[in-house]
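Chemist: model this:
(2 chains)
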Amino acid sequence: MKKRKKRISPVAQALSVSCRAFTILFLILLVLLILAPVVWMFFSAFRPPDQIVEYPPRFFPKNYVIQNFRDVYKMIPVNKYILNSFIFSGSVTLGSTLLNSMAGYAFARMEFKGKNVLFMMFMASMMIPFQVIMIPLFMIVFYMGMLDTYRGLIIPQLAGVGGIFFLRSFFITLPAQLEEAGRLDGLTEFGIFFRIMLPLCKTALMTQAVLSFSGCWNNLLWPLLITSSNDKRMLANGIMYFVGQNTVNYGPAFAAGVISVLPLLILFVFGQKYFVNSIVSSGIKG
Amino acid sequence: MLKRVLKYWNKPNHAAYLFVAPAFTVLLLFSLLPLIISFFISTLDVTTYFSNIKFIGIDNFIEAFHDKRFIRSFKTTGLFILFDVPVGMLFAMLVAALVSGTGLRDKFFRTVYILPIICSSTVVAIMWKLFLNPNVGWGVYFLERLGFPKLAIFSNRDLAIYGIIFISIWRGFGITCIILVAAMQGVAEDLYDAAVLDGAGKWAQFWSITVPGISSTLWFLFITRVVGSFQVFDLIYTITNGGPNHSTETVVSYIYSVAFNTDNRLGYATAMSQILFVIILAVSIIMYAKMISQEKEGGNGK
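Modeler: Model (predicted):
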C-alpha cells in the first residue's frame, strides 16, 4: 500500500474556495462550542462570588480570587478524595497493565492446551454488559468482606479483555526469533517476557496505561457501587456534592470541577499521543 | 525437587498457564461468575445486605412487564439511541471527512475535538448544568442574545432528555471522528489512483472509495454505539438523576435506583437487567448479521 501524505483532507480539497472558507469557519465554531463550557468553568472558578450571580453574565471575570477553592476545601475533604482517586487509578493501572500484558503475550506467542477455549471465554466475557453483572458483583464483593475497602475497589478491575486483545495484537507483530535468542542466552520464559518483550512494547503499554488511568479516574458507577463511606470516596463521586438539584454554591462547584479535571488535563497535554492511540485502538474491529 | 518444578513450569506450553492465570482468575471471579449468579438472583426476592431471601420463580420478570416505569424507561432509552447514535455518527463523519488530513491544522482540530474525554461525567454535569443555568449560565445568556427563549432546560420535562442527548454528542463526537479519520487514512492509496485514471472527481472518490473502504469501521462503531447507548447511565445520573418526574430515566438508571436508591430490591433489579441483556444481545446479533451480509454483497470491506 502506497502512503502519500495528504496535508489537507481530500474532501476539503474538492470544495470551492468560498466553500472551503465556510468549512473552516464551521470547524472553528465547533472548536468554540467544545471549549466554551470548559474555558468558562476555568475562569468562573476564579471569579469573585458577587460576579457569579450578576446579570448579564460575563465570560471573563473582572478580577480573580481563589476564594472558591478555599470554600471547596471547607465543604468536602478534597485531599482525601484526590488521594483515593490516585490510589485506585494508580493501582488498577499498574496491575491491569501487567496482568493484561501477560495474558496478551501468552495468547499471542505461546501454544498451550485449551488456548482456543480460553480465548473464546475471554471473548464471551467482553459481551457481558456491566449492568448485568453489577448486582452479583456487589454481592460477591460483599461476601468477600471487601465492600468499602481499597481491595474491593481495585482487585475486580485488575484485568480487562479489551486491554488483553489490544496488547495481544501488539505482541503478535514482534519477530519470531526473539524467544530463541532469549533461550540461548539462558533466560527463563518470564525473563524473556520481562527483559525482551515488555521493553519492545513501551508505546502499547503506555497507551494501555493511559487508557486505564483515565478510565479509572473518571469511573463513576464502580466506586459508587463499592464504596459508601466518605473515607473511601473518589473525586469523581465526591464532587457530586455540587451537582444536586438545589446547588446554590456555584463558585465552589466550578472550583471542584477544575480540581477534578486538572490531573487528566496534564496527562492529556503530555501524553496526547497515547490518548489518540487508545481511542483509535478501541475502534478497530477484532 | 525444586529444580524439577521450575523446569516443568519453564516449558513454554506450561509457562503459558502462569501467564494467563492471574487475568483469568480475575475475569472468572468478577465477570463470568457474576453472570451465572445473576440468573439465580433474578428468581429471588432479596434486598441489599441479604436478609429475608425468598425464591419467587419468574415473578420478577412478570412484574417487570407490568411495570409502567420500566416500560417508560425503555421508551426514554429508545429516544436516546434514536438521536444520539445517528446524529452523533453522521456529524462525526462529516467532520472527519473535513479534518482527515495529516497537516498541523487538521491535527489541531482533532485534538480539540477529543478534549471532552478528560472530563468525568460529574465534571461534564457541573460544567453544562451551570453553563445552561438560567441564573448564572453564560450559555443561556448567549442563546438569549441569539433570540432563544430563556429556559431551565434540565428542569423541563419535555426538553431535559434532548439536553442530555446534546451533551452526549458534544462529548462523544470527537472520539468517533478520530476513529473514522484513522480508518480513512488507512484506505489504500492505489484505489484512489485507479479512480483518478477513471476520471472520478474528489466527491465521487469519497462516496465510491472512502465510504466503502471504512464501512467495516462504520459498522463496528454503529454497533458499539447502539450497545453503549442501551446502557446509558453516567450522564443521566449526574445531570438529572432521572428527573424531572422520571422523564429522563433510562433503563439502567431505573435499575440502579431500584437496586440501590429507593427500594433496595436486588432480585427485581437483576431480573430487569437480564431483560435488557437479552434485548441488547438480540439487537447485536441482528446488526452483526446485517453487517456480514452487507460485506459479502459489497465485497469491498476491509
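Chemist: So what does residue A:77 look like in phi/psi?
Modeler: Residue A:77 adopts backbone torsions of phi -80, psi 80, taken as degrees, to the nearest 10.
Chemist: In the stretch 151-286 of chain A, which residue sits nearest chain B?
Modeler: The stretch 151-286 of chain A approaches chain B most closely through residue A:283 (3.2 Å), counting by CB to the nearest CB. Where C-beta positions appear, they are placed from N, C-alpha and C, glycine not excepted.
Chemist: Quick check, that residue in contact with residue B:181.
Modeler: No. Using CB atoms under 8 Å, residue A:283 makes no contact with residue B:181, being 10.2 Å away.
Chemist: out of these two, which sits in the busier spot?
Modeler: residue B:181 (27 against 17; other CB atoms under 10 Å in any protein chain shown).
Chemist: so that one is in which element?
Modeler: Secondary structure assignment for residue B:181, by DSSP states H and E: helix B:160-185.
Chemist: those helices in the stretch 51-200 of chain A, which residues are they?
Modeler: Listed in chain order, the helices of the stretch 51-200 of chain A (DSSP state H, counting those that start in this stretch) span A:67-75, A:78-109, A:115-126, A:130-143, A:150-154, A:161-172, A:177-184, A:189-191, A:198-200.
Chemist: Identify whichever of the ones you listed lies nearest to residue B:67.
Modeler: Nearest of these to residue B:67, taken as CB to CB: helix A:130-143 at 16.8 Å.
Chemist: Return the set of buried residues in stretch B:275-294.
Modeler: B:275, B:276, B:277, B:280, B:284, B:287, B:291 (16 or more other CB atoms under 10 Å in any protein chain shown).
Chemist: How about stretch B:158-167?
Modeler: For stretch B:158-167, burial by neighbour count (16+ other CB under 10 Å) applies to B:160, B:161, B:163, B:164, B:165, B:166, B:167.
Chemist: Any chance of those residues in JSON lines with pLDDT and distance to chain A as columns?
Modeler: Output for the buried residues of stretch B:158-167, formatted as JSON lines (pLDDT from 0 to 100; distance: CB to the nearest CB, whole Å):
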{"residue": "B:160", "pLDDT": "93", "distance to chain A": "12"}
{"residue": "B:161", "pLDDT": "94", "distance to chain A": "17"}
{"residue": "B:163", "pLDDT": "94", "distance to chain A": "13"}
{"residue": "B:164", "pLDDT": "96", "distance to chain A": "13"}
{"residue": "B:165", "pLDDT": "96", "distance to chain A": "15"}
{"residue": "B:166", "pLDDT": "96", "distance to chain A": "10"}
{"residue": "B:167", "pLDDT": "96", "distance to chain A": "9"}
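Chemist: Tell me the one of those residues nearest residue A:190?
Modeler: Lowest distance from residue A:190 to the buried residues of stretch B:158-167 (CB to CB) belongs to residue B:167, with 47.0 Å.
Chemist: picking that back up, from the buried residues of stretch B:275-294, pick the one nearest chain A.
Modeler: Lowest distance from chain A to the buried residues of stretch B:275-294 (CB to the nearest CB) belongs to residue B:277, with 4.5 Å.
Chemist: so which strand or helix has that closest one?
Modeler: Using DSSP H and E, residue B:277 sits in helix B:266-298.
Chemist: re the thing from before, so how far is residue A:25 from the closest residue to the residue of the stretch 151-286 of chain A closest to chain B other than its chain neighbours?
Modeler: Distances taken as CB to CB, 6 or more residues apart in numbering or on different chains place residue B:179 nearest to residue A:283, at 3.2 Å, with adjacent residues excluded. Using CB to CB, to the nearest Å, we find residue B:179 at a distance of 25 Å from residue A:25.
Chemist: can you check residue A:141 too?
Modeler: Residue A:141 sits 52 Å away from residue A:25, going by CB to CB.
Chemist: Name the nearest residue to residue B:77, ignoring sequence neighbours.
Modeler: Leaving aside its sequence neighbours, residue B:77 sits nearest to residue B:250 (CB to CB, 6+ apart; 4.5 Å).
Chemist: wait, isn't the one you found in contact with residue B:236?
Modeler: Yes. With contact defined as CB under 8 Å, residue B:250 reaches residue B:236; the gap is 5.5 Å.
Chemist: Could you name every residue contacting both of the two?
Modeler: residue B:242 (CB atoms under 8 Å, 6 or more residues apart in numbering or on different chains).
Chemist: mind checking the end-to-end distance for stretch B:126-144?
Modeler: 21 Å (CA to CA, to the nearest Å).
Chemist: for the residue of the stretch 1-150 of chain A found nearest chain B, what are its contacts?
Modeler: Here the stretch 1-150 of chain A gets closest to chain B at one residue, residue A:14, 3.0 Å apart by CB to the nearest CB. Contact analysis of residue A:14 by CB under 8 Å, 6+ apart lists B:201, B:202, B:203, B:206.
Chemist: Look up how far residue B:92 lies from the closest residue to the last one other than its chain neighbours.
Modeler: Setting aside the residues directly before and after it, residue B:206 is nearest to residue A:11 in space (CB to CB, 6+ apart), at 5.5 Å. Remark: distance between residue A:11 and residue B:92 (CB to CB) = 14 Å.
Chemist: Over to residue B:241?
Modeler: Using CB to CB, residue B:241 is found at 28 Å from residue B:92.
Chemist: neighbour-wise, which of the two wins?
Modeler: residue B:92 (24 against 19).
Chemist: Look up how far residue B:225 lies from that one.
Modeler: 10 Å.
Chemist: do residue A:71 as well
Modeler: 39 Å.
Chemist: again with residue B:127
Modeler: Residue B:127 is 23 Å from residue B:225, by CB to CB.
Chemist: try residue A:88
Modeler: Using CB to CB, residue A:88 is found at 28 Å from residue B:225.
Chemist: Same check on residue B:274?
Modeler: In terms of CB to CB, residue B:274 sits 23 Å off from residue B:225.
Chemist: And for the closest residue to residue A:166 other than its chain neighbours, the neighbour number?
Modeler: Among residues not flanking residue A:166 along the chain, residue A:281 sits closest, at 5.2 Å (CB to CB, 6+ apart). Using other CB under 10 Å, residue A:281 has 21 neighbouring residues.
Chemist: do the same with residue B:26
Modeler: Residue B:26: 21 neighbours (other CB under 10 Å).
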